[in-house]
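Asker: Turn this into a model:
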Amino acid sequence: SVTKSTVQTCNLVLEEMDLLHIQHRKDYRLNDRHYGTLSGLSEKEAIEQYGSEKIAAWLETSPPSLEHTNPESPSKLRKYAHVGTDLPTAESLVQTTERAMSFWTERIVPSVISGQSTLVVGHAASLTAIVQHLAGTEEGVSARLLPGKPLYYELDKDMVPVVQKGADPTLKGFYLS
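Answerer: Residues are numbered from 1 along each chain as shown. Sure, this is the predicted structure:
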């Protein structure tokens, strides 16, 4: 992800592993879901402005897009200048999953297949999509993901998790302590 919190988390992990010197890539596709016009609003503010029924519906679909002229628009930030028109202005969970899975296919799979150990630092919605893919299920995955806890996978040549002793039975990976 390119958000400040994930960059800081990545740097903390790499520092702890004495690997700050290695190359790492940031990619917006690991950012969390884009909430469009709800961006920058607290839950209370969003409900006051739009009503609880609309908010509930938008959580299942996609909220209205954020105009590029809005001060909350990512298009105003330099860190997104390279993204161009692919930058979402609002997303459903399905769209967030598609974005995260394109990162899986284009970046993670080639990296792992080439024999590289790969650290992925992202946000809840994008990481949930990848873990659901690895687990082969959507059932219970998001409830079992622990924020800030490294989840380890060993993958076979077909990119299927090799379930290790101590692995979470739903996630098919295990948490590092």
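Asker: now the helices: where do they sit in the chain?
Answerer: Using DSSP state H, the helices found in the chain span residues 4-16, 43-50, 52-60, 93-103, 109-113, 124-135, 141-144.
Asker: Compile those helices into JSON lines and extend it with columns for mean neighbour count.
Answerer: Backbone N, C-alpha and C define where each C-beta goes, glycine included. Supplementary listing: the helices of the chain in JSON lines, determined by neighbours: other CB atoms under 10 Å:
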{"stretch": "helix 4-16", "mean neighbour count": "14"}
{"stretch": "helix 43-50", "mean neighbour count": "13"}
{"stretch": "helix 52-60", "mean neighbour count": "13"}
{"stretch": "helix 93-103", "mean neighbour count": "18"}
{"stretch": "helix 109-113", "mean neighbour count": "14"}
{"stretch": "helix 124-135", "mean neighbour count": "21"}
{"stretch": "helix 141-144", "mean neighbour count": "15"}
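Asker: Would you mind saying which of these lies nearest V83?
Answerer: Of all the helices of the chain, the one in closest proximity to V83, counting by CB to CB, is helix 93-103 (10.9 Å).
Asker: if we can go back for a sec, so can I have a markdown table of the helices of the chain showing distance to R33?
Answerer: Compiled in a markdown table, the helices of the chain are given as follows (distance: least, CB to CB, whole Å):
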| stretch | distance to R33 |
| --- | --- |
| helix 4-16 | 14 |
| helix 43-50 | 14 |
| helix 52-60 | 9 |
| helix 93-103 | 4 |
| helix 109-113 | 23 |
| helix 124-135 | 4 |
| helix 141-144 | 12 |
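Asker: Out of those, which gets nearest to V160?
Answerer: With CB to CB as the measure, helix 124-135 is the member of the helices of the chain nearest V160 (8.1 Å).
Asker: Tell me which residue is most central in this protein.
Answerer: For the chain, the residue sitting closest to the mean C-alpha position, by CA atoms, centre = their mean, is S126 at 2.5 Å.
Asker: possible to save the helices of the chain as JSON lines with mean pLDDT and distance to Q23?
Answerer: Below are the helices of the chain laid out as JSON lines (pLDDT from 0 to 100; distance: least, CB to CB, whole Å):
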{"stretch": "helix 4-16", "mean pLDDT": "92", "distance to Q23": "11"}
{"stretch": "helix 43-50", "mean pLDDT": "94", "distance to Q23": "38"}
{"stretch": "helix 52-60", "mean pLDDT": "90", "distance to Q23": "37"}
{"stretch": "helix 93-103", "mean pLDDT": "94", "distance to Q23": "17"}
{"stretch": "helix 109-113", "mean pLDDT": "95", "distance to Q23": "11"}
{"stretch": "helix 124-135", "mean pLDDT": "94", "distance to Q23": "21"}
{"stretch": "helix 141-144", "mean pLDDT": "86", "distance to Q23": "30"}
